[in-house]
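Engineer: Model the structure of this input:
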Amino acid sequence: MSRESRIMTTPNAATPPRRRRTRAAAWALALPTALGALIVTGAPAVGDAPETLEVRAAAARATLPAWWPLLALGRGDRDPSTEPVAAADKVDRMLAAAGTVVFGFSPQGRAKALIEDVIARLEDFDVEEAYEVLPDRGPRTPWRAVAVEGRVQDDDYVLRVFPSGIRRGTTERSAEELPALPAVGDVMNATARFRLRPVDASAREEFEDDFLAVGEASVSLGELRWEQVLAVADEWLHLVEAGVPPTPEEIRGAGLGRSIATRPVAGEAGRARVTADHPRLDAEDQAFLALLAEAYPAFYELGKRHTALDDLVELVALPDGRFAARLRIVARMLPDELEALYPDLAEYLRDLEDLLTIEARIVDPDGRRVASLRLDTRTLRMTIEMVTRDGALLPTVDRPRAPVASTVGYRLDELDDAAYEVRVSLWTNTSGIRGEIRDIVVSGRYDRTDRGAALATRVTGKPKVTFRGAAFGVIPTWMVDVLIPSDMTTLTDDFFRVLVDGRDGDGATTAVAIERRHGPGGTEPLVLEGRADLEILNNALINFAIKIANRRILPHDETRDQVLEFLREGFEALREDTQRFADRAREVAASLDAPK
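Structural biologist: So this is what the prediction gives:
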């Protein structure tokens, strides 16, 4: 275990003992795009024979640099010369399944009415009404539950609901007793179960109207291995480093695990096009973007029409005099550019105004930031930040003038276990009432297993909550407090106190396993299984605030249709680009396998 791996598991770190069609649509754009410079430089990988590295290096040289990431999906599956074919097959299957889930979503029978009924109430955070909608299991148990199964069938993603349980052979088990089914088989086959019940009021002096909720889900990710997922992430970080300009170290031939001669560079025409399209970006941003545009031209053109890029990568100096690459993706949606094709979507984005800003930071046990994400509805801007060197994530300490990165980082493919925290802050504007909810702390733990990985989280820190402003621009916060039981700050504190201390002190927890399972026909698909347990405060103020916010966040039917069309356009562009990769990967595999 590396030194930093040991630091991440220090005893003083907290160690805690997963909607509708529109939301699922985001999956279609979630395919990673990476492999990286280790292949190009021929840097040795543990357990790989020299002849294997030589074949992989030959495959990388025969493809575009930003396609190297996808090659990692086939690593170790077959003979090295056929790994490109394995990667191409996986890309085809995953994208086809993702498209079917998003655009072929087809609830069957009573599934559609029941699911939409439950979700509508949960969107309004009306937990009591959601409970009443769920099928009643009779007097023997207070739990109400529903089980769902989703499967890819031709061009449809068929969703069936089982209020009375799922039949296995000749035995039918109730939804309360039903464990999360292993969703083995085809990519995106899934099962889920949701259970809800009120707490035992006789055992409580306060919060007697709370509800206990349990959600379980299982989805097949196809014939992947966790090591391949880590390889993609690792090589993505190396590709990020390729976007920064040559460093003094590189000039001396010792920088960032590569030399200037082996640095991947986009073609001259591609660099010229990106420079013309994005003249305000710095040279390193243009160089990195040119690598991506060269490999994914259709997706690049779509993004250029509808979004603006303000930043991508930059070179940062480390305290020891070395250099690292800072990935800082700053992207904005452009409603004016969407107007012609998607007028309802453009209006929806403008109407969000300053409804919500959310910031999430992943920090190590020493409180150093490893990665961060920020979303702002006022500017429609997304910002993602992390610092990397030689494939490792470098933890960063924020300073008044500039962040300072550590010289030793975390290699994801070398971590056997790790403790971490996710700290989330929210800034809201609900009908003129401005709220600040700072530092919701979720403690987590990651562990490698023999067949994959396991993650566990628990909400451990209550945020600091403040409110100001005036409801509808007229009623000040102090008057709102007079009109409601208690006050807004106390009621919100109570909500988070239940998340942290509910369930008799266990709080809100999640457990996720990403492991290979025995599937049909001797296959071993990678299956994502998760469970969430929490106690929910049935708080009228929280219900009202979320209901108002959702009226602005959740799109209407006309807008929802345009969201799907926008996502379809992006999906088809990505599919076009990855088909070029798949065709080239098969050509490369044929040449590697040809007699020499």
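
Engineer: Please make it C-alpha for all contacts and neighbour counts, starting now.
Structural biologist: Will do.

Engineer: can you point me to the longest helix in the chain?
Structural biologist: Assignment by DSSP state H gives helix 557-593 as the longest helix of the chain.

Engineer: in it, what's buried?
Structural biologist: For helix 557-593, burial by neighbour count (16 or more other CA atoms under 10 Å) applies to 559-564, 566-568, 570-575, 577-578, 581-582, 584-589, 592.

Engineer: One more: stretch 348-367?
Structural biologist: 348-350, 352, 354-365.

Engineer: same deal with stretch 406-414?
Structural biologist: Those would be 406-413, for stretch 406-414 by 16+ other CA under 10 Å.

Engineer: Low-confidence stretches in the stretch 51-200 of the chain?
Structural biologist: Filtered on pLDDT under 70, the stretch 51-200 of the chain yields the residue ranges 78, 108-111, 115, 118-119, 122-124, 137-138, 163-185.

Engineer: residues making contact with whichever strand in the chain runs longest?
Structural biologist: Counting by DSSP state E, the longest strand found in the chain is strand 433-449. Strand 433-449 is contacted from outside by 14-16, 415-429, 453-472, 477, using CA atoms under 8 Å, 6 or more residues apart in numbering.

Engineer: partners of the residue lying closest to Arg468 once chain neighbours are set aside in the sheet?
Structural biologist: Leaving aside its chain neighbours, Arg468 sits nearest to Arg434 (5.3 Å; criterion: CA to CA, 6 or more residues apart in numbering). Going by DSSP bridges, Arg434 is paired in beta bridges with Asn429, Arg468.

Engineer: ok, Arg434 to Asp494 distance?
Structural biologist: As judged by CA to CA, to the nearest Å, Arg434 and Asp494 stand 19 Å apart.

Engineer: Neighbour count: those two, which is higher?
Structural biologist: Arg434 (19 against 16; other CA atoms under 10 Å).

Engineer: how much space between the more buried one and Lys462?
Structural biologist: Taking CA to CA, one finds Arg434 at 19 Å from Lys462.

Engineer: Next: Glu51.
Structural biologist: As defined by CA to CA, Glu51 lies at a distance of 54 Å from Lys462.

Engineer: ok, now Pro365?
Structural biologist: With distances taken as CA to CA, Pro365 is found 18 Å from Lys462.

Engineer: Which residue ranges of the stretch 251-400 of the chain form strands?
Structural biologist: 307-317, 323-333, 356-363, 369-376, 381-389, 392-393, 396-397 (DSSP state E, counting those that start in this stretch).

Engineer: Return the angle between stretch directions for the third one and strand 381-389.
Structural biologist: In this case it means strand 356-363. 10 degrees (axes from the mean of the first three to the mean of the last three CA atoms, to 10 degrees).

Engineer: which outside residues touch strand 356-363?
Structural biologist: Against strand 356-363 from outside (CA under 8 Å, 6+ apart): 369-378, 395, 420-429.

Engineer: hey, C-alpha coordinates of stretch 501-518 in CSV?
Structural biologist: C-alpha atoms of stretch 501-518 as CSV (Å, rounded to 0.1, in the frame of the first residue of the first chain):
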residue,chain,number,x,y,z
ASP,A,501,-28.9,10.7,14.2
GLY,A,502,-32.0,8.9,13.0
ARG,A,503,-32.5,5.2,12.8
ASP,A,504,-31.5,4.9,16.5
GLY,A,505,-28.2,6.6,15.9
ASP,A,506,-27.2,4.9,12.7
GLY,A,507,-28.2,7.9,10.5
ALA,A,508,-28.6,7.9,6.7
THR,A,509,-26.3,5.3,5.1
THR,A,510,-25.5,3.8,1.7
ALA,A,511,-23.7,0.6,0.8
VAL,A,512,-22.6,0.0,-2.8
ALA,A,513,-20.8,-3.0,-4.3
ILE,A,514,-19.4,-3.1,-7.9
GLU,A,515,-18.4,-6.7,-8.5
ARG,A,516,-18.5,-9.4,-11.1
ARG,A,517,-21.3,-11.9,-10.7
HIS,A,518,-22.0,-15.3,-12.3
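
Engineer: any idea how far Leu338 is from the residue lying closest to Glu339 once chain neighbours are set aside?
Structural biologist: Nearest non-adjacent residue to Glu339, counting by CA to CA, 6+ apart: Ala346, 5.5 Å away. Distance, Ala346 to Leu338, using CA to CA: 6 Å.

Engineer: for Ala231, same thing?
Structural biologist: Relative to Leu338, and taking CA to CA, Ala231 is found at 36 Å.

Engineer: And these two? Which one has more around it.
Structural biologist: Ala231 (23 against 19).

Engineer: Please read off the pLDDT at the more buried one from the model.
Structural biologist: With respect to pLDDT, Ala231 has a value of 89.

Engineer: what secondary structure does it sit in?
Structural biologist: helix (DSSP: H, G, I helix; E, B strand; the rest coil).

Engineer: ok, it touching Ala72?
Structural biologist: Yes: using CA atoms under 8 Å, Ala231 is in contact with Ala72, at 6.1 Å.

Engineer: Could you check how many residues crowd around the nearest residue to Thr407 once chain neighbours are set aside?
Structural biologist: Sequence neighbours aside, Leu318 is the residue nearest to Thr407 in space, at 6.3 Å (criterion: CA to CA, 6+ apart). Residues lying near Leu318 (other CA under 10 Å) number 15.

Engineer: and if you look at Leu114?
Structural biologist: Neighbour count for Leu114, taken as other CA under 10 Å: 17.

Engineer: Tell me where the stretch 51-200 of the chain has helices.
Structural biologist: For the stretch 51-200 of the chain, applying DSSP state H, counting those that start in this stretch gives helices covering 68-71, 83-103, 111-123, 127-133.

Engineer: In TSV: these, plus distance to Asp487.
Structural biologist: TSV is the format used below for the helices of the stretch 51-200 of the chain (distance: least, CA to CA, whole Å):
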stretch	distance to Asp487
helix 68-71	52
helix 83-103	42
helix 111-123	23
helix 127-133	21
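
Engineer: Tell me which of the ones you listed is the most buried.
Structural biologist: helix 68-71 (a mean of 28; mean count of other CA atoms under 10 Å).

Engineer: CA atoms only for it, dumped as PDB, please.
Structural biologist: Only the C-alpha atoms of helix 68-71 are listed here, as PDB (Å, rounded to 0.1, in the frame of the first residue of the first chain):
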ATOM      1  CA  TRP A  68      -6.700   5.500 -26.200                       C
ATOM      2  CA  PRO A  69      -9.100   5.700 -23.200                       C
ATOM      3  CA  LEU A  70     -11.600   3.400 -24.900                       C
ATOM      4  CA  LEU A  71      -8.900   0.800 -25.500                       C
END
